[in-house]
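*Asks:* With the sequence up front, the predicted model follows.
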Amino acid sequence: MQTTPHLLRSCLTGAAATVLPLTLAAGPAAAAPGISVSTNGSTVSVTTSACTSNNNGFGRASLLTSSQTNFAQGRQAELSGTNALQSALWSNVSPGTYTVIVICNRNGAQAGSQAVIVSAAPTPTVSPTASPSRGVMGGLGGAAKDYGTLTLAVGGGLVATGVVATVWFLRRRSKPYRL
């Protein structure tokens, strides 16, 4: 039977500190038996059914960065839930590669470890929209061009003529003997 150096080293020491670098070197692997790790934005959560409760709770989970080598160095969280399913979660986790390790309180055994990658939140993209270069050109009748003083004087004269003609017509109609 042929043994690989990684398998031999894991078997000889049996410590989580030795297994951890092997797990990280392998990259994001499938979940170890008994735990499931997921991310949602900057939140990392772990669920397991491997730990049962004793007087001290279910167990603890630790979130380790790539530079941390043992359980005590990571961000730790208590497992909570029921005997059927326990969970822990970490909020505001920076982007990067992490390893989650779960240790049960009842027997002190490791329920499992799994690598996880937390991605950076996508940055919103801003697209420019067209806008008028001189603002909205409002005015009487929606005119967008200035015709000058002469045009305004002629327009004012026409309006005045229309008012006088209207008054004359209505005054003339108000007397029935003038047809």
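*Replies:* Received the coordinates, thanks. Numbers count the residues shown, from 1 in each chain.
*Asks:* Residue 102 contacts residue 108, doesn't it?
*Replies:* No: no contact is recorded between residue 102 and residue 108 when judged using C-beta atoms under 8 Å, the distance being 11.9 Å. (Glycine included, C-beta is placed from N, CA and C.)
*Asks:* And those two? Which one has more around it.
*Replies:* residue 102 (29 against 8; other C-beta atoms under 10 Å).
*Asks:* ranges for the helices of this structure?
*Replies:* All helices of the chain, identified by DSSP state H, fall at 5-13, 16-26, 149-173.
*Asks:* contacting residues around residue 104?
*Replies:* Residues near residue 104 by C-beta atoms under 8 Å, 6 or more residues apart in numbering: 50-52, 58-59, 110-111.
*Asks:* If we use 6 Å, what do you get?
*Replies:* 51, 59, 111 (C-beta atoms under 6 Å, 6 or more residues apart in numbering).
*Asks:* same thing with residue 106?
*Replies:* Counting by C-beta under 6 Å, 6+ apart, residue 106 has contacts 52, 54.
*Asks:* give me the low-pLDDT residue ranges for the chain?
*Replies:* 1-33, 130-145, 174-179 (pLDDT under 70).
*Asks:* neighbours around residue 38, how many?
*Replies:* Residue 38 has 13 nearby residues by other C-beta under 10 Å.
*Asks:* An error on my part: the question was meant for residue 58.
*Replies:* 26.
*Asks:* Quick check: closest non-adjacent residue to it.
*Replies:* residue 79 (4.0 Å; C-beta to C-beta, 6 or more residues apart in numbering).
*Asks:* Pull the contacting residues for that neighbour.
*Replies:* 51, 58-59, 86, 88.
*Asks:* Redo those residues as JSON lines? Include distance to residue 44.
*Replies:* Compiled in JSON lines, these are given as follows (distance: C-beta to C-beta, whole Å):
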{"residue": "51", "distance to residue 44": "18"}
{"residue": "58", "distance to residue 44": "18"}
{"residue": "59", "distance to residue 44": "17"}
{"residue": "86", "distance to residue 44": "15"}
{"residue": "88", "distance to residue 44": "9"}
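*Asks:* All set, thanks.
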